[in-house]
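S.K.: Based on what follows, work out the 3D shape:
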Amino acid sequence: MKAIYKLSAHLFLFFSLCYSITASAQTTHKVAGSVVDSLSIAIADANILLIAGSDTLKTVTDKSGKFSFKGIKAENFSLSISSMGYYPNVGNYKFDKGEKQLQMAPIVLKNSGIMLKEVVVHAPVKPMRVMKDTVEFNAAAFQVLAGDKVSDLIKQMSGIDVDFEDNVTTMGKGMTKLRVNGKDFFTNNVKDFISKLPASIVAKIQVIDDYGDDANFTGIKVGEPQKMLNIVTKSDINKGVFGNIGINGGTSKQVSLNGNANIWREREQIGTNLNATQANNGAGQSRNSGASVNLRRTFKKNGSFGINYSFYSNFNDSENISFIESVNTLGTIYSANENRGNSKGFNHNLGLDFQNNTKKDFLNASMGIGYSQNTGNNSSSSKQEGIIKQDLTNQSNSRNTAPSVNGNLNWSRRLAKKGASISANMNLRASLGKNGQNIISNTLYYDPITDFLVKDSLLNRRVNTNYNNNNFGGTLTYSHPLKKPKDTLASRNINASYGFSIGNTNNDILTYVTDKANNIRYVDSLSTQYSSLFFSQNIGLSYAYNSKKMNYTLGASVRPNTLIGDYENLNVHLKNTNINYAPTFNLSYRVKENKTLSMRYNGNSNSPSPSQLQPVRNTQNLQNVIVGNPDLKPSFNHNFNISYNGNDAKSGKSLQLSIGVSTTQNQIVSNVILIRDTLNGLKQETHYENANGMYNLNGNYFYNIPLAKNKFTISIRGNFNYGNNIVFTDNVKLFNKAFSFSQSLNSTLMLKKIAIGGSAAYSLSANNYTLIKGVSRNVETWNFVLTARGNFLKSYKFETNFSKRINTGYAIVNTNPFLIGASLSRTFLKSKVLIANVKVADLLNQGNNLSRYVSGNSTIDSRSNQITRYFTFGLSYNLQKFGGSRGMVTYY
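M.R.: Residues are numbered from 1 along each chain as shown. Model prediction:
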């Protein structure tokens, strides 16, 4: 019996061991993926349930929306994904034969539009979240007053600036593209809608580095991204009807009528807009009117079609003075100028777009057609002193017509091999125009010592210009996946691309002169028939790495350019060819939670303009005749930028930094030469040259400190710019070292019914020419601002603003204005849809419109004559209804 017992025991151990070995040898699998919303923004803390055979596994996504499972035994499995505010997603999947690891494409959850029952949570709300390509703000962390628009909400957010005309910038970059819940929204124009949508419908505001829809589809992100604003509405808001109609009248003969109506549905958008204004602008009359209509509709699951049309007309009188200081090897020229004129014009624009997106293919097509017509009359006088003593009066009238058309086609496909894709783009632009000018110029010459009038010259001429510009281009990109790195959630790709651009220009300038006997003759020396062809190519190869913490692209490109020019009347044929080499580099690195670092390089070539190439004298300004250079080469710009975004989740403090460096090869610069005219007087003549040595360094920073649960904030912001600019004077290469610096301290206080803001800012702009050593032309400005807005007595709303500006350094006499503005409005009716408003701007009438800019060897200060003080009264009817599956609600 003992022998049988021992044998049985050994057999049991043997078969147990065999079973164990067999079980341990069974193949197990691993799966990894990510969960995103409709805008490809990661969804954190989503619940993931995996069922494989008799096994059930659970996990949640991390802060980057990533998840993974190990030890899966079955070949088939199902995933069930759920997250609050989104529809659940359930799918069945299968491992291929012999496949041990599966990297899934991002799983998209759609907004559910279902509002959960209210749950009171006392955890602190985090106002800001920083991700690799997105900065997200939680609207619940900011105070919204009754009647506030989205623009009022955005003004409270760190690093975003909104001016009085609702133009939005972030870290010095303009933001013009808008989406709502990740989808196209009417015209997609930020400025059009942040002043119309109520702030109370917003759940989140996202500032996104957008590389384009095709990049989001393929994952290939190269070049400089565009800043995009995405508004995420509250969970039960996905449709609405909003608009207003209003009339305003006031001092300076102001009258305006405006109205807009918008219908927003989940699968359809219809919008209309109408406006007309008239006023005395200080120089005369100003009349503007416009109308637009747009329609956007989605079809099937992922397709959309849009059409929009707009019309705009204007008539404006203008009046301004300017002072120009031009340095030269012989000395300095000082010009005091006065200009008065009017312009009248209109334009029509029609736009069409189509988009369809499936699991394998992405297709986007758009087309635009435009037509504009403008007429103008201008009279000017200029008094020159210094090394030239001349007076010039000029009268001109012009008429210009310009039809145009453009088209763009983008297509991308995910190939059968996982991670492989191909994408193509084609674009076309064409425009033509006619311009006719009648110019009468009278030049008075003075003795440089006695100031007596010596001679005068009268010239009457007609200049007709016909032009035709066409451009056709395209790109083709292929992305090939490489073997998975050690980080199983990461991916690696090799990207190869080819791009080309063909630009054709035809430009005819015909000049006629009328003598004292009214005889008209054609001037061959001032006329030209010119055509050019610019052909540029871009051949690139890059390596791309994408992981949870870091994305980067590293590569190189070769860019050959050819410029061919023909001057028929001169019997001249020219051809310039050059090749540029440039690296390709993009990096986005998640340093820590809520802290990201990004670096980008991009390079691009630019062909000279027709006016810079044509070797024909442009005599529209007799005191500065322009002559082109047909031997110019295309310029090539190198730009490198590094930026940092950081936010402390506990304290709410945030820091944003940006530094950029740029340089230009074969930069096209002006060469201003002093020459003697037929009356032995000096005048300037501008030519163009290629030059190297230009570079620019710039930086921006923003630091925000929220206090008392974000009710009080203090922020410090600033920027600087240093440029080494090149200019030629009398064929001598010179440098203009330009430096600008600004610094401001800002604070806001949000009370229950009142919002108060204040700022103190200093700016410096300096230019130093190497020709005039020890002389600096500096403009310094101090600006102090105090604003307040609020509600009282339930139906009243007020806004006030005070600003004091102190200017020094301008050549034009100016004041240091103290500007006061205020408005008061009241709502009527139970629904508060009727609003009466009274407003005053620049109560003390101290406004002035000063500006300075530098061009070549000249520093130009200018001031326009414009009425800044006015009083207005307005009445408007507003409609703002938004909602979802639970019905529509009026928002005040």
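
S.K.: Quick one: name whatever helix or strand follows the top strand by length along the chain.
M.R.: Ranked by number of residues, the top strand in the chain under DSSP state E is strand 453-481. Downstream of strand 453-481, the first helix or strand assigned by DSSP states H and E is strand 491-514.

S.K.: so what does that next one touch, helix or strand wise?
M.R.: For strand 491-514, the elements it packs on are strand 453-481, strand 520-522, strand 528-546, judged by 3 or more Cβ pairs under 8 Å, 6 or more residues apart in numbering; DSSP states H and E. In this view, the C-beta of every residue, glycine as well, is placed from N, C-alpha and C.

S.K.: Please work out the average pLDDT along the shortest one.
M.R.: If you average the pLDDT over strand 520-522, you get 90.

S.K.: ok, now the last one?
M.R.: In this model, strand 528-546 has an average pLDDT of 90.

S.K.: so what's Leu745 up against?
M.R.: Applying Cβ atoms under 8 Å, 6 or more residues apart in numbering to Leu745 gives the contacts 714-716, 759-761.

S.K.: for Val840, same thing?
M.R.: Contacts of Val840 (Cβ under 8 Å, 6+ apart): 820-823, 869-872.

S.K.: Then Phe164?
M.R.: No contacts exist for Phe164 under Cβ under 8 Å, 6+ apart.

S.K.: how would you label it: helix, strand or coil?
M.R.: coil (DSSP: H, G, I helix; E, B strand; the rest coil).

S.K.: Tell me the spacing between it and Thr787.
M.R.: 10 Å (Cβ to Cβ, to the nearest Å).

S.K.: and if you look at Pro608?
M.R.: From Pro608 to Thr787 the distance is 46 Å (Cβ to Cβ).

S.K.: Export the helices and strands packed on strand 491-514 to a markdown table and append columns for distance to Asn356 and mean neighbour count.
M.R.: Shown next, in a markdown table, are the helices and strands packed on strand 491-514 (distance: least, Cβ to Cβ, whole Å; neighbours: other Cβ atoms under 10 Å):
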| stretch | distance to Asn356 | mean neighbour count |
| --- | --- | --- |
| strand 453-481 | 20 | 16 |
| strand 520-522 | 55 | 11 |
| strand 528-546 | 25 | 19 |
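
S.K.: Mind listing the residues bridging to Lys204?
M.R.: Listed beta-bridge partners, Lys204: Asn138, Val232 (assigned using DSSP bridges).

S.K.: need the contact list for it.
M.R.: 136-139, 231-232.

S.K.: run the last query once more with 10 Å
M.R.: Neighbour list for Lys204: 41, 129, 136-140, 181, 230-234 [criterion: Cβ atoms under 10 Å, 6 or more residues apart in numbering].

S.K.: which residues in this protein form helices?
M.R.: For the chain, applying DSSP state H gives helices covering 2-25, 150-154, 190-193, 213-218, 610-613.

S.K.: which one is Ser292 nearest to, not counting chain neighbours?
M.R.: Take Ser292 and drop its neighbours on the chain: the residue closest to it by Cβ to Cβ, 6 or more residues apart in numbering is Ser310, 3.9 Å away.

S.K.: repeat for Leu352
M.R.: Per Cβ to Cβ, 6+ apart, closest to Leu352 is Met367, 4.8 Å.

S.K.: any idea how far Asp447 is from the one you found?
M.R.: 62 Å.

S.K.: higher neighbour count, those two?
M.R.: With neighbours defined as other Cβ atoms under 10 Å, Met367 and Asp447 compare such that Met367 has more, 15 against 11.

S.K.: looking at the sheet around the more buried one, what are its partners?
M.R.: Residues in beta-bridge contact with Met367 (DSSP bridges): Leu352, Gly407.

S.K.: Touching, it and Asn406? I think so.
M.R.: Yes - Met367 lies in contact with Asn406 (Cβ atoms under 10 Å); the separation is 7.0 Å.

S.K.: Quick check: neighbours shared by the two?
M.R.: With Cβ under 10 Å, 6+ apart, Met367 and Asn406 have common neighbours 351, 428.

S.K.: From Glu338, how far off is the closest residue to Ile270 other than its chain neighbours?
M.R.: Leaving out its chain neighbours, the residue that sits closest to Ile270 by Cβ to Cβ, 6+ apart is Ile263, at 4.5 Å. Remark: distance between Ile263 and Glu338 (Cβ to Cβ) = 50 Å.

S.K.: now swap in Tyr877 and tell me
M.R.: 45 Å.

S.K.: same thing with Asn538?
M.R.: 48 Å.

S.K.: One more: Gly243?
M.R.: In terms of Cβ to Cβ, Gly243 sits 44 Å off from Glu338.

S.K.: now the strands for the stretch 151-300 of the chain?
M.R.: Applying DSSP state E, counting those that start in this stretch to the stretch 151-300 of the chain gives strands spanning 160-162, 168-170, 173-175, 177-180, 183-189, 202-210, 226-233, 239-250, 254-264, 268-280, 285-299.

S.K.: List the pairing partners of the second one within its sheet, with orientation.
M.R.: Take DSSP bridges as the rule and strand 168-170 pairs in its sheet with strand 160-162 (antiparallel), strand 173-175 (antiparallel).

S.K.: Give me the distance from that strand to the chain's centre.
M.R.: 8 Å (Cα atoms, centre = their mean, to the nearest Å).

S.K.: Give the buried residues for that strand.
M.R.: Residues 168, 170 are the ones in strand 168-170 that count as buried (16 or more other Cβ atoms under 10 Å).

S.K.: which residues touch that strand?
M.R.: 135, 151, 154-155, 157-163, 174-176, 178, 190-191, 194, 207, 227, 229, 656, 658, 700, 702.

S.K.: for the first one, same thing?
M.R.: By Cβ under 10 Å, 6+ apart, the list of residues contacting strand 160-162 from outside reads 135, 137, 150-156, 167-172, 175, 190-191, 194-195, 205, 207, 227, 229, 702, 717, 746.

S.K.: Please check those residues and keep the buried ones.
M.R.: Buried among the contacts of strand 160-162 by 16+ other Cβ under 10 Å: 135, 137, 150-156, 168, 170-171, 175, 190-191, 194, 205, 207, 227, 229, 702, 717, 746.

S.K.: How about the contacts made by Asn551?
M.R.: Contacts of Asn551 (Cβ under 10 Å, 6+ apart): 132-133, 219, 221, 490-491, 544-545, 586-590, 598.

S.K.: Having no further points to raise, I will conclude here.
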